[in-house]
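*Asks:* from the sequence below, what's the structure:
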Amino acid sequence: MPISSLVVLAVLGAADGTLNFRGSGGFSEGQVSTVFSSEDADSEHLKIPESLKDIYVSLPKDSSGRVGHDTVRYALNRYFEHRHGWRLRGLDPRQSNFQQASNVSKFMKEWVPDFLQREMEKRDGEGADLKGLTALIASVEDLASQEIRARLEILYEFFGRNPKENLTSAGAKELLEPYVVGYLTGQDLAPKNVKQLKALDALWERKSEDAQRGLTFMNRVMGPYLAKSEGLRLEDLVMAADDFGKQAAEFNTIECGILRDALQKMESKKAGRVRLSVFYNQSKSSKWFFDDKIEYLRGVGALDEFDPTAVSVIIPNFVLSRPNCMDSTNLYSVCCENICEPLMREVEAAVGGPMGRVPQIIKVVQRSSSRSYGPRALSQTLIDRLIDLASLHEDQVPIHSRLFSEWMHHAFPLDCPYPTVATKMEFSAEEVTAMSSGLTEEEMQSYVQTDTCAISADGRVECHGETEDLPWSGKQELLSSHHYDQHLIRPQKSKSRGSLLLLAAFGLAFAIVAPTLASRGPKRNQKMRILLAALIFLTAGLCTGLVDGRVFAVALFVAFIAKRDVLRQVVSGPPKVAKSV
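*Replies:* A predicted model of the protein is given here:
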């Protein structure tokens, strides 16, 4: 986090007054249930987002086309991250039980996604179909809008305004600016009066490097909603703030890009990693101040400890970790873009289902471009590992499995996160506060001095004895193991088998009727044509599954017996007729 931001957040968080953003918009289970019931009842008319359809096609499903419980959570997280840059609280796969220490944690609505899912499954059973997922998405967005309304109503009251009155553009902006400051800083603004609130806003504008950019972004997004000179209703402000929240990830992109670039400059021989000593040492000359404790980095899934002598920070994992998110609302955080997402979507589009073939995946990955890599040939080691992965699943690759995510990290180590196993450690608020407080200067220097890293002439970080090999765990976890079995059927082999079966069955049928067709007699030929048509019809039914194989075999046997005399006649020739004397 930038040092300037730390200063501003410390000041903003110090106020203790009557304006309480984080305590606003508290939902009861009854309210959440009502929201879901309303959206679910209207699910037939809800527009299914195209980006959700694309994800859903590639997910493992049961025989009725529904995705499992864990797959629902995975799909929701993927959708909101891709669509809005939101990381839903209680749904974050990188979150585990390790939470950020925060004076607003008591207001967080970590329970909402679980509760919504239970409500749906009580009625429809485990998992969801596409309409059910759409209803869940609509419910979350509805709840987010309700929280916005609650915050704005507090601001109306704080400024002595009536929520039912119409505002001028200037009056609306006066209310929306403190809303935006609270959203972008993630702090619970708590001034005692309007004067103190404006002083806090002014402090933010003076001290924060991002303040002017934030206000410019606010005017660009909210400006169209405030275009009217007067007559602005509360609903107009809610829509403006709602749109701001759905585009806030764009504002965060610049900071996230600077963070990625800073870490990439420190990259060691191991791709996508920064040696821990370098992480601490180089931050002195960076905009970013890296003083995170090892326990904290481990807790947020950003630490590579496979080699105890070369502990490293995993760059994409650190960038995507919760501490680098804006804690904007009680429902979600706005996090750095997962730049592996477009790569995964390319794979999903090429595969068209949950299981892919090795050549298919190699082809699409080799032609893919990302923020850090252009199209390129994959190493033989990567290809061999993909083949080994496929060998675990009858020569197919489950693209939503843990091991495939690890393979994608090896292919794009700066872009795709390493799939760490979520820690099961439990921490008290005091322990988390102690770990997140950061190392002292002396503690950081001890790591630097005990390591053997230096900066080479070309600016590269060189550490004694370090290799380029990335760790490969070989640990597989399937998103929904009991749903993958039906996807293991190979479409190409099934098609070939069906073609061979059709050819063989048609050959048998033709062998039976051909001799008779070759013999003379129009009546006989007519009967054979009927028989041939019937056998072709039965053959087609067999190949499409409409006719049982045993029924087909009986039909062939009956046809063969019925015409055995025809076959005998063909062999012996036409019957001899006695000549009349």
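
*Asks:* who touches Pro49 in this structure?
*Replies:* 79, 83, 134, 137 (C-beta atoms under 8 Å, 6 or more residues apart in numbering). C-beta: built from backbone N, CA, C; applies to glycine.

*Asks:* please, a PyMOL command that selects the buried ones among these?
*Replies:* Buried residues within these, by 16 or more other C-beta atoms under 10 Å, are selected in PyMOL with:
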select buried, resi 79+134+137
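
*Asks:* nearest to Pro60 among the contacts of Pro49?
*Replies:* Comparing those against Pro60 with C-beta to C-beta places Tyr79 closest, at 16.7 Å.

*Asks:* wait, is that closest one part of a helix?
*Replies:* Yes: with DSSP: H, G, I helix; E, B strand; the rest coil as the criterion, Tyr79 is located in a helix.

*Asks:* ok so, going back, farthest-separated two in the contacts of Pro49?
*Replies:* Arg83 and Thr134 (12.5 Å).

*Asks:* hang on, the earlier thing: possible to save the contacts of Pro49 as TSV with secondary structure?
*Replies:* Listed next are the contacts of Pro49 as TSV, based on three-state DSSP:
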residue	secondary structure
Tyr79	helix
Arg83	helix
Thr134	helix
Ile137	helix
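
*Asks:* between the contacts of Pro49, which is nearest His410?
*Replies:* Tyr79 (26.0 Å).

*Asks:* residue contacts, the closest one?
*Replies:* So Tyr79 contacts 49, 51-52, 55, 133, 137 (C-beta under 8 Å, 6+ apart).

*Asks:* keep only those of those residues that are in helices.
*Replies:* 51-52, 55, 133, 137 (DSSP state H).

*Asks:* of those residues, just the buried ones, PyMOL syntax please.
*Replies:* The buried residues among these can be selected in PyMOL (16+ other C-beta under 10 Å) with this line:
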select buried, resi 52+55+133+137
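
*Asks:* minimum pLDDT in the ones in helices among the contacts of Tyr79, which residue is that?
*Replies:* pLDDT is lowest at Ser51 among the ones in helices among the contacts of Tyr79; the value there is 87.

*Asks:* quick one: it from His84, how far?
*Replies:* Distance, Ser51 to His84, using C-beta to C-beta, to the nearest Å: 11 Å.

*Asks:* shared neighbours, the two?
*Replies:* Joint contacts of Ser51 and His84 (C-beta under 8 Å, 6+ apart) do not exist.

*Asks:* how about the helices in the stretch 201-350 of the chain?
*Replies:* Applying DSSP state H, counting those that start in this stretch to the stretch 201-350 of the chain gives helices spanning 211-222, 234-265, 276-282, 294-299, 315-320, 341-351.

*Asks:* partners of the helix or strand following the last one, with directions?
*Replies:* Past helix 341-351, further along toward the C-terminus, the next helix or strand under DSSP states H and E is strand 355-356. If you go by DSSP bridges, strand 355-356 pairs up with strand 397-398 (antiparallel).

*Asks:* against which helices or strands is the helix or strand just after the partner strand packed?
*Replies:* Remark: after strand 397-398, the chain's next helix or strand is helix 402-411, criterion DSSP H and E. Other elements packing on helix 402-411 under the criterion 3 or more C-beta pairs under 8 Å, 6 or more residues apart in numbering; DSSP states H and E are helix 341-351, helix 380-391.

*Asks:* angle of helix 402-411 against helix 380-391?
*Replies:* For helix 402-411 against helix 380-391, the angle by axes from the mean of the first three to the mean of the last three C-alpha atoms, to 10 degrees is 170 degrees.

*Asks:* could you list the domains of this protein?
*Replies:* 341-416, 489-572 (automatic domain parsing).

*Asks:* who touches Gly352 in this structure?
*Replies:* Counting by C-beta under 8 Å, 6+ apart, Gly352 has contacts 57-58.

*Asks:* state the pLDDT value of it.
*Replies:* 92.

*Asks:* and it, what are its phi and psi?
*Replies:* Per-residue torsions, Gly352: phi 70, psi 20 (degrees, to the nearest 10).

*Asks:* quick one: low-confidence ranges for the stretch 201-350 of the chain?
*Replies:* For the stretch 201-350 of the chain, the stretches with pLDDT under 70 are 229, 283-287.

*Asks:* quick revisit: tell me which of the helices and strands packed on helix 402-411 sits nearest to Ala172.
*Replies:* That would be helix 341-351 among those, by C-beta to C-beta, at 34.8 Å.

*Asks:* now do the buried residues in that closest one.
*Replies:* For helix 341-351, by 16+ other C-beta under 10 Å, it's 343-348, 350-351.

*Asks:* can you check stretch 65-74 too?
*Replies:* 66-68, 71-74.

*Asks:* ditto for stretch 154-174
*Replies:* Buried, per 16+ other C-beta under 10 Å, within stretch 154-174: 154-156, 158, 161, 167, 169, 171-174.

*Asks:* of these, which belong to helices?
*Replies:* Short answer: the buried residues of stretch 154-174 in helices (DSSP H) are 154-156, 158, 169, 171-174.

*Asks:* which members of these are the farthest-apart pair?
*Replies:* Ile154 and Ser169, at 21.0 Å, using C-beta to C-beta across these.

*Asks:* returning to that earlier point: dump the helices of the stretch 201-350 of the chain into CSV; add distance to His393 as well.
*Replies:* Formatted as CSV, those follow (distance: least, C-beta to C-beta, whole Å):
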stretch, distance to His393
helix 211-222, 45
helix 234-265, 33
helix 276-282, 36
helix 294-299, 31
helix 315-320, 26
helix 341-351, 13
